[in-house]
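Chemist: Next one to model:
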Amino acid sequence: IEIAQFNGEYYLVLNPYGPRRADVISNSWGFIYTMFSEQNLPGLDSLTAFFEDVLVTRNYIVGEPVVIVFAAGNEGPGYSSVTSPSAGSLLITVGASTSYLFLRYYGMNGLYDEVIPFSSRGPSGLGYPKPDVVNIGAWDFACSRTIDGYGYGAQPVLFGGTSEATPLTSGVIALMIEAFREKYGRTPDHVTVKAILKSSADDLGYPPFIQGAGRVNALKAIKNIINDNGWLVLIPDGIREAYIETYLNGYEPGFINTISNYLFDTSYYTVALPGSIKSFTLMIRGSGVVDINSYELVDYKEYKLYDGVYYYNGTLRLKIPLEAYAFSDLIEVIVLLKNLTYEPYMFKTTPLDVDHALFIGLYDWRDINRNGVIDRNEVYYITEDYRAGVEQVLTVSKPIDKVKGSLILVIRGLEENITPVSMSILVKAYKYVK
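Modeler: Down below sits the predicted model:
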């Protein structure tokens, strides 16, 4: 960024050909870019194109690599809720996973490694798989900002969102770049960092449009760099097809073809007509045994947990029986409000107002003293959501492995004496099938 003067005014001007100032650019901002009149969707908009142009220029024209990281957004749990410019296929997009280990400081317990409902989901407007990874964004302590009045970051505060997950990931990337320089004597380009980061992630058991490659694992990423037999997965075909589809009308074909030859990812993207067959190249580097299979997440069973009225006069706790999630790989707990407030042609299930906002959460109750009473030290928090809307969804992966006691759903309105609402709660269980 440089300072330019025009008509006596000073402006900040971004010059992608300027001197090198950073190895990693971490961005905890974005917005839903849906200008349908201009055929713009997240990942297919001018703002995304701007940052991807900077990325391409610095990495492959100037030859001084820079890594650009963006928060996926807090617009979940709907699919294709990833924001602009994080939806860009070249950029590194970070969603938010859970860690309730901070509760130990308050004398409580918590689990970790779910994807929090508000974390934006993929795919992008183009259909490219997003996010790339997830990292802790619900919740953990962070240094406070100076403008908040706590000094120079000395006072830790509880923080969350993909805006937390992103700087955490950017810090890991900085360590990766340092290790790469020590190992190879040069700075890795953006797509190399992205591929190593994703190849090193821990699978949380969620679909790729929710978790990407998984939760960032800093130690594994560094080991994959410094060890000669470190694991690395590369798929060049999909990202090149996506880049050409997105920018062929904006650049010369020769430029597009040249840049696309530098690109690879761990995700695959293509457009296939019904009945057609597409092939792609999968390259795996490492030492050990690799089992390659394709899996589909299928609806396994459904269980109606509740169908009645919620009166907004206290906390509702419901035990989810083992039969609702036994033998499943992933469950969704869906809370639906059913009060009718608009004409039939409108959305029939819209709440009356924001006072109908609900907090919902799941926890594992381990009745240690076997007295049948929920004590504070027996509760292990799993995930939560808070919003004003007609539907809320909580997800838990590998529930049979995580829940050691009873799975409890808690529902609480933050306002009392509100108009009662018809409520339906469904537990949907899924299995991965080869």
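
Chemist: Now for the closest residue to Tyr306 other than its chain neighbours: which residues touch it?
Modeler: Excluding the flanking residues, the one nearest Tyr306 by CB to CB, 6 or more residues apart in numbering is Ile425, at 3.9 Å. All C-beta spots, glycine's among them, are computed from the backbone N, C-alpha and C. Listed by CB atoms under 8 Å, 6 or more residues apart in numbering, the contact set of Ile425 reads 304-307, 318, 333-336, 409.

Chemist: Quick check: bridge partners of Ile425?
Modeler: Tyr306, Val335 (DSSP bridges).

Chemist: Can you classify the nearest residue to Ser397 once chain neighbours are set aside as helix, strand or coil?
Modeler: Nearest residue to Ser397, sequence neighbours excluded (CB to CB, 6+ apart): Gly205, at 3.3 Å. What DSSP: H, G, I helix; E, B strand; the rest coil gives for Gly205 is coil.

Chemist: Gly205: what's it in contact with?
Modeler: By CB under 8 Å, 6+ apart, Gly205 lies in contact with 211, 329-330, 397-398.

Chemist: need these in TSV with secondary structure, can you?
Modeler: Converted to TSV, these look like this (three-state DSSP):
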residue	secondary structure
Gln211	helix
Asp329	coil
Leu330	strand
Ser397	strand
Lys398	coil
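
Chemist: Over to the spatially most central residue of the chain: give its phi and psi.
Modeler: In the chain, the centroid-proximal residue (CA atoms, centre = their mean) is Gly95; its distance is 2.1 Å. Here is the backbone geometry of Gly95 (degrees, to the nearest 10): phi -100, psi -180.

Chemist: That one bridge partners, please.
Modeler: Beta bridges link Gly95 to Val134 when assigned by DSSP bridges.

Chemist: Was I right to think it contacts Ile136?
Modeler: No - between Gly95 and Ile136 there is no contact, the gap being 10.8 Å when judged by CB atoms under 8 Å.

Chemist: who touches both of the two?
Modeler: Ala165.

Chemist: burial count for the closest residue to Lys223 other than its chain neighbours?
Modeler: Excluding the flanking residues, the one nearest Lys223 by CB to CB, 6+ apart is Gly230, at 6.0 Å. Neighbourhood size, Gly230 [other CB atoms under 10 Å]: 19.

Chemist: again with Lys183
Modeler: What Lys183 shows, counting by other CB under 10 Å, is a neighbour count of 15.

Chemist: tell me the SS of it?
Modeler: The assignment at Lys183 comes out as helix when based on three-state DSSP.

Chemist: where does it land on pLDDT?
Modeler: On the pLDDT scale, Lys183 is placed at 96.

Chemist: Isn't it up against Asn227?
Modeler: No - between Lys183 and Asn227 there is no contact under CB under 8 Å: 9.3 Å.

Chemist: Export the contacts of Gly205 to CSV and append columns for neighbour count.
Modeler: Below are the contacts of Gly205 laid out as CSV (neighbours: other CB atoms under 10 Å):
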residue, neighbour count
Gln211, 27
Asp329, 21
Leu330, 22
Ser397, 21
Lys398, 16
